[in-house]
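Colleague: Give me a model of this one.
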Amino acid sequence: MSKKHGLAAKFTLLLLVAGLVSVALFFALQVGGNTLMSNYFEASDFQEQSTQRRVQELQEYVQENDLSTSDTAQLTNWVKKQPMVLMEIYASNKLLYTSAAPEETAVRESEMELPYYDWVSYYTVTFADGDAEVVIYADDAYRWYTYAMVAELVLSFLLFLIIFLKGSRGLVTYICRLSDEIQVLEGGNLDLPITVKGDTELSDLARSLDAMRLAFKEQREQEAAFWAANQTMITEMSHDLRTPLTTLLIYTEIVRYKKYENEAELDDYLQKIDAKACQIKQLSDNIFEYSLISKSRTVQLDPPKPFRDVFHDALSEMVAYLRQRGYSFDLEIDWGGASIAIYPQYIKRLVDNVVSNIIKYADPAAPLRIAATWDGSMIGLSFSNQIKPNPGEQDGAQIGLTNMRTMMEKMNGQCLVTQTKTDFTVELRFPIS
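Modeller: Numbering: from 1, shown residues only. This is a model prediction of the structure:
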């Protein structure tokens, strides 16, 4: 009963209510039934008829056994067969026999005459030694009072059972429903919700089961999505690897069988072989990084650091490296005073992926735009560039972008990609700590 509406409290209350209602019904039936029967017995000649019937039975018993008033033993045997009866026999106003003291001989030997009472009913019975007046005191109504009490007890008990069973019916039905729903869960169907009803321990159990169902369902959906994504990624990566590998095999076959015309053409094929080998290496590095990031379910973020401290050095190295390769920049960076929580190893990987995409797809003739973004709750960096007129073969699986999105999600951030026919933008957004 630790809970206000716990099962023990509800059962106790149900038993108390059923008991009180049943007791109230019993007393109501007792008072009402006794009153009705008393009124009936007082208004009718029920007792008179019952007494006359007993007198008639006594007369028949006396005649059959040829009894006299002195045969007290036989008279006592007859009285014992009549429940709740007191019998007295008089002759000439003298008491000859009383069932209250059947063995007292002094009663018969007494010569004292007893008064004649008008309120007493005297019945003449013929014995072997003459007529005598018989007085029978009996309460024939007691049986009906007893029957009525038994009926009242039965009705009250039935009412108690009905109230208790009806009150427990909802709980039993709820338990059966939970059992059916749990069997459905055991069968693997996680779409059927668990019914949460009331505020008892069973409700807490149902709530926990439903939370477990939702957790399992979410886990199953995540595993299915992860498996599908992996299958798609594997298929696309296989295609992306096969394309440069096929070209590489063609070039190596040309060189092996010397199908070139001069040394200049040989050098050209060797450069193409080197480029394809570098492309394959880049793809394999991306695949390895994707596998590494996917295996790391969670990462421990460092304490918040100023946004400037996180990216200043990495961006400085990036700008210096790309300027050596002929790229120019349009910088709009206002560091501000915001702080972010990051996983340091991911920051270098993110910048490396941005550099790799710029080298492969950005047009060196147009300046690269790097800007700090801010929307109140998140801060980030935006990298924009114009796409080369002929970018050549591209990474169809976009493993690099997939890795960037995964790393940002693990740091509670976002990787937003916007692409048109001429421009490409990657924005890395971090929640402000």
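Colleague: and the gap between residue 140 and residue 76?
Modeller: 20 Å (C-beta to C-beta, to the nearest Å). Heads up, the C-betas are built off the backbone N, CA and C, glycines and all.
Colleague: what do you get for residue 64?
Modeller: 16 Å.
Colleague: Show me the shaky parts of the stretch 151-300 of the chain.
Modeller: 233, 236-237, 239-240, 243, 285-286, 288-297 (pLDDT under 70).
Colleague: circling back: of residue 64 and residue 76, give the one with the bigger neighbour count.
Modeller: In terms of neighbours (other C-beta atoms under 10 Å), residue 76 is the more surrounded of residue 64 and residue 76; the figures are 14 against 8.
Colleague: Could you say which helix or strand holds the more buried one?
Modeller: Applying DSSP states H and E as the criterion places residue 76 in helix 72-80.
Colleague: what lines up beside the next helix or strand after that helix in the sheet?
Modeller: Counting by DSSP H and E, the next helix or strand C-terminal to helix 72-80 is strand 85-91. With DSSP bridges as the test, strand 85-91 is paired with strand 94-98 (antiparallel), strand 130-138 (antiparallel).
Colleague: and the shortest one with helix 72-80, angle?
Modeller: Looking back up the chat, that one is strand 94-98. Interaxial angle, strand 94-98 versus helix 72-80 (axes from the mean of the first three to the mean of the last three C-alpha atoms, to 10 degrees): 60 degrees.
Colleague: ok so residue 301 is a helix residue?
Modeller: No - read with DSSP: H, G, I helix; E, B strand; the rest coil, residue 301 is coil and lies in no helix.
Colleague: check contacts around it.
Modeller: By C-beta atoms under 8 Å, 6 or more residues apart in numbering, residue 301 lies in contact with 341-343, 411-412.
Colleague: can you map out the helices along the protein?
Modeller: 7-43, 46-65, 72-80, 105-109, 142-186, 201-256, 263-295, 307-324, 344-361, 399-410 (DSSP state H).
Colleague: Most tightly packed of those?
Modeller: helix 399-410 (a mean of 19; mean count of other C-beta atoms under 10 Å).
Colleague: helices or strands up against that one?
Modeller: Applying 3 or more C-beta pairs under 8 Å, 6 or more residues apart in numbering; DSSP states H and E, one finds that helix 399-410 contacts helix 201-256, helix 263-295, helix 344-361, strand 414-419, strand 423-431.
Colleague: okay, these in CSV with distance to residue 24 next?
Modeller: Listed next are the helices and strands packed on helix 399-410 as CSV, based on distance: least, C-beta to C-beta, whole Å:
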stretch, distance to residue 24
helix 201-256, 31
helix 263-295, 72
helix 344-361, 76
strand 414-419, 70
strand 423-431, 66
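Colleague: Can you tell me which of the contacts of residue 301 has the most neighbours?
Modeller: Among the contacts of residue 301, the one with the most neighbours (other C-beta under 10 Å) is residue 342, at 24 neighbours.
Colleague: Residue 428 is in contact with that residue, correct?
Modeller: No - using C-beta atoms under 8 Å, residue 342 is not in contact with residue 428; the gap is 10.4 Å.
Colleague: Spatially nearest residue to residue 79, not counting backbone neighbours?
Modeller: residue 99 (4.4 Å; C-beta to C-beta, 6 or more residues apart in numbering).
Colleague: ok, the one you found touching residue 88?
Modeller: Yes - between residue 99 and residue 88 there is a contact under C-beta under 8 Å: 7.4 Å.
Colleague: what sits against the closest residue to residue 23 other than its chain neighbours?
Modeller: Among residues not flanking residue 23 along the chain, residue 156 sits closest, at 7.1 Å (C-beta to C-beta, 6+ apart). Listed by C-beta under 8 Å, 6+ apart, the contact set of residue 156 reads 22-23, 25-26, 29.
Colleague: how near is residue 156 to residue 97?
Modeller: According to C-beta to C-beta, residue 156 stands 44 Å off from residue 97.
Colleague: Need phi/psi at the residue nearest to residue 79.
Modeller: phi -70, psi -10 (degrees, to the nearest 10).
Colleague: Need the per-residue pLDDT for it.
Modeller: pLDDT, residue 99: 83.
Colleague: Can you report how many residues neighbour it?
Modeller: For residue 99, using other C-beta under 10 Å, the count is 19.
Colleague: tell me the phi and psi of residue 187?
Modeller: Torsion angles, degrees, to the nearest 10, at residue 187: phi -80, psi -10.
Colleague: what about it, neighbour count?
Modeller: 9.
Colleague: measure it to residue 181 for me?
Modeller: The value you get for residue 187 to residue 181, if C-beta to C-beta is used, is 11 Å.
Colleague: likewise residue 428?
Modeller: Distance from residue 428 to residue 181, by C-beta to C-beta: 45 Å.
Colleague: buried stuff in stretch 78-90?
Modeller: 78-79, 82, 85, 87-90 (16 or more other C-beta atoms under 10 Å).
Colleague: show me what contacts the spatially most central residue of the chain?
Modeller: With distances taken as C-alpha atoms, centre = their mean, residue 206 lies nearest the centre of the chain, 1.2 Å away. Residues in contact with residue 206 (C-beta under 8 Å, 6+ apart) are 178, 194-197.
Colleague: Swap in 7 Å and give it another go.
Modeller: Neighbour list for residue 206: 178, 194-196 [criterion: C-beta atoms under 7 Å, 6 or more residues apart in numbering].
Colleague: Now do the phi/psi pair for residue 302.
Modeller: Torsion angles, degrees, to the nearest 10, at residue 302: phi -70, psi 160.
Colleague: Tally up the residues packed near it, please.
Modeller: 12.
Colleague: That one and residue 429: what is the separation?
Modeller: 18 Å.
Colleague: next one: residue 252
Modeller: 44 Å.
Colleague: for residue 182, same thing?
Modeller: 43 Å.
Colleague: Check what pLDDT residue 394 gets.
Modeller: 52.
Colleague: How about residue 114?
Modeller: On the pLDDT scale, residue 114 gets 64.
Colleague: Where does the prediction get shaky in the stretch 301-433 of the chain?
Modeller: 391-399.
Colleague: make it 80
Modeller: 376, 390-400, 402-403 (pLDDT under 80).
Colleague: then stretch 73-88 to CSV, C-alphas only?
Modeller: Taking C-alpha atoms only, stretch 73-88 is exported to CSV below (Å, rounded to 0.1, in the frame of the first residue of the first chain):
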residue,chain,number,x,y,z
ALA,A,73,-42.1,-42.3,29.5
GLN,A,74,-44.1,-42.7,26.2
LEU,A,75,-45.4,-39.2,26.5
THR,A,76,-41.9,-37.9,27.0
ASN,A,77,-40.7,-39.8,23.9
TRP,A,78,-43.5,-38.1,21.9
VAL,A,79,-42.5,-34.6,23.2
LYS,A,80,-38.8,-35.2,22.3
LYS,A,81,-39.8,-35.6,18.7
GLN,A,82,-41.5,-32.2,18.7
PRO,A,83,-39.0,-29.5,18.6
MET,A,84,-39.4,-26.5,20.9
VAL,A,85,-42.5,-27.9,22.7
LEU,A,86,-43.5,-27.8,26.3
MET,A,87,-46.6,-30.0,27.2
GLU,A,88,-48.7,-30.2,30.3
